[in-house]
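J.: Just need the structure, nothing else, for what follows:
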Amino acid sequence: MVTSLDKVDVVTVGVGWTGGIIAAELAKQGIQVVGLERGQNRTTEDFQYIHDEYRYAMRYGLMQDASKETLSFRNNKDERALPIREWGSFLPGEGVGGAGVHWNGQTWRFLPYDLQIKTMTDEKYGEDKIGSDYTIQDWGITYEELEPYFYKFEETTGISGEENPLGAPRSNDYPTPPMKGTLILNRFKEAAKSLELHPIQSPSANLSENYENPDGQQINACQYCGFCERFGCEYGAKSTPNVTVVQAAKQTGNFELRTDANVVEILHEDGRATGVRYFDVKTGEEFIQPADVVVLTSYVFNNVRLLLLSELGMPYDPESNTGVIGKNYCYQIMAGATGFFEKEKFNTYMGAGALGASIDDFNGDNFDHSDLDFIHGGVISISQTGRRPIASNPVPKDTPAWGSKFKEKSLHYFNRSLSVGAQGASMPHKNNFVDLDPTYTDAHGNPLLRLTYDFTEQDRKLQEYLSARAAEIMEKMGADIVEKRTMAKHYDIVPYQSTHNTGGHYGR
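T.: Presented below is the predicted three-dimensional model:
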């Protein structure tokens, strides 16, 4: 039996960063908002005594349960996709705050080039710079239009940072000063400067000092404990939806948070959404929540899946290049270089999720691509996130993968290795997309979302270029052994490669 509830002004599907922002801004205007979150509620108190690497970093205690709902994956449309049984490449969050709870807090703005990439690339390099199989286009909104909202987010979250000569233009300084410098970060900066590059302290949602945001929420100063990524912050020192926008929404009296509410369908009539259907994941009860406005604020995969399950919009067809839902799925490439030091030790176990130094010299179109056979670039950084013993076993490539020699080298290099990483921009390609799986279903019997994705030539060339730049910096840092990061023949769902899945819902 389905219970139909009273109609509300707005319902959000998911209560993470986007859902929290929508709820707070609308509720402050007197609009009644219901936030539906399929996971549990979480507060700062819930993260006390949470420094359990095995439970949270290895067993994904804050992530979506892949045994109940997952994705299927394949490299190309001629393969049969298989369900992902354990998260690896990316880690969808679950519970109030979503992935905004377990993020590292590295907080960059888009560059103006990112938002007008088609026009700017064509004007500077010609329309044939990359092949026609890449489906890049402008966003339809400019950086100048978005800039006030970038700052509004930074002000709400208290982002710590400093002026970046090659970054996106700013009308205001960061709300709080940059995080502490360390021997590791200073070594990177000195090496970068010797190469005539422009290093800065990375912008961070792990705050450098106590801060009260414009809504009255208190965010505390970071303790540099090294347990940010995959963990919640027990100090309330990492800006998350839980300590900022969700609290602001609740304080208005116009926001109702419902947890354990798994939305399975968007209801619509004559092309207009009228509400949602959801299950209480604990009791199994089914509800219909009517609303004037339905806002999809879940993670990208679930947003696209709900549109497809609800038959809203035209599904993307890669053969005819028609349709919009599922198109333009993108990820990123993880370039970089690792340096091994024989005589020096570093305090790599200390840190914070966004404690780092970066350069934008090879990001966007900040360097000339005329003689290069790819576009765009990436931020190159060194991050001191706090090295943990289970997952961190950096060893040179000629080391056996197990056994006494592996143990010996792991112990030797645990505090004698550093990595310079680069997150390179992945361009949309006609063969990378998401759709509904024809074979596999979730616990409710609904089709899983199917991910079809592989690296492109653009990805490979960008990876090689950025890894070479990272290696140059690492060599200047004085490493005895420098190894460039390489790209596998095909993208795989393991190992972890950063939870920055984007696209999949293209529209004009």
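
J.: Can you tell me what sits against stretch 470-481?
T.: 187-188, 190-192, 194-195, 197, 335-344, 380, 396, 418, 420-422, 482, 484-485 (C-beta atoms under 8 Å, 6 or more residues apart in numbering). (C-beta placed from N, C-alpha, C; glycine too.)

J.: Could you tell me which helix of the chain is the longest one?
T.: Scanning the chain for the longest helix, with DSSP state H as the assignment, gives helix 457-476.

J.: phi, psi of residue 300?
T.: phi -50, psi -40 (degrees, to the nearest 10).

J.: and it, how many residues sit next to it?
T.: 20 (other C-beta atoms under 10 Å).

J.: how close does the residue in the chain sticking out farthest from the centre sit to residue 290?
T.: Relative to the C-alpha centroid of the chain, counting by C-alpha atoms, centre = their mean, residue 1 is the outermost residue, at 38.2 Å. According to C-beta to C-beta, to the nearest Å, residue 1 stands 17 Å off from residue 290.

J.: rewinding a little: residues contacting the residue farthest from the centre of the chain?
T.: Neighbours of residue 1 in contact, by C-beta under 8 Å, 6+ apart: residue 286.

J.: Same question for the one 5 residues further on.
T.: When contacts are counted by C-beta under 8 Å, 6+ apart, residue 6 is found next to residue 290.

J.: What helix or strand is it located in?
T.: Element membership for residue 6, per DSSP states H and E: none, as it lies in no helix or strand.

J.: for the stretch 201-350 of the chain, what spans make up the helices?
T.: 245-251, 300-309 (DSSP state H, counting those that start in this stretch).

J.: roughly how far is the shortest one from the heart of the chain?
T.: It refers to helix 245-251. Its chain's C-alpha centre and that of helix 245-251 lie 23 Å apart, by C-alpha atoms, centre = their mean, to the nearest Å.

J.: May I see the buried residues of that helix?
T.: For helix 245-251, the neighbour count (16 or more other C-beta atoms under 10 Å) marks 245, 246, 247, 248, 249, 250 as buried.

J.: tally of neighbours for the closest residue to the last one other than its chain neighbours?
T.: Translated: residue 250. Spatially, and ignoring its direct neighbours in sequence, residue 250 is nearest to residue 257 (7.1 Å; C-beta to C-beta, 6 or more residues apart in numbering). Using other C-beta under 10 Å, residue 257 has 20 other residues around it.

J.: Same check on residue 128?
T.: 8.

J.: Begin at 143, not 1, for the rest of this chat.
T.: In the new numbering, first residue 143, that becomes residue 270.

J.: check contacts around residue 319.
T.: 302, 304, 350, 351.

J.: Out of these, which end up buried?
T.: Burial by neighbour count, judged by 16+ other C-beta under 10 Å, picks out 302, 350 from the contacts of residue 319.

J.: what's the following helix or strand after the helix or strand that residue 292 is a member of?
T.: If you go by DSSP H and E, residue 292 is part of helix 285-299. Sequence-wise, the next helix or strand downstream of helix 285-299 (DSSP H and E) is helix 325-336.

J.: What angle do helix 599-618 and that next one make with each other?
T.: On the basis of axes from the mean of the first three to the mean of the last three C-alpha atoms, to 10 degrees, helix 325-336 is oriented at 100 degrees to helix 599-618.

J.: Does anything pack onto helix 325-336? Which helices or strands?
T.: Using 3 or more C-beta pairs under 8 Å, 6 or more residues apart in numbering; DSSP states H and E as the contact criterion, the elements in contact with helix 325-336 are strand 498-501, strand 520-525, strand 559-567, helix 599-618.
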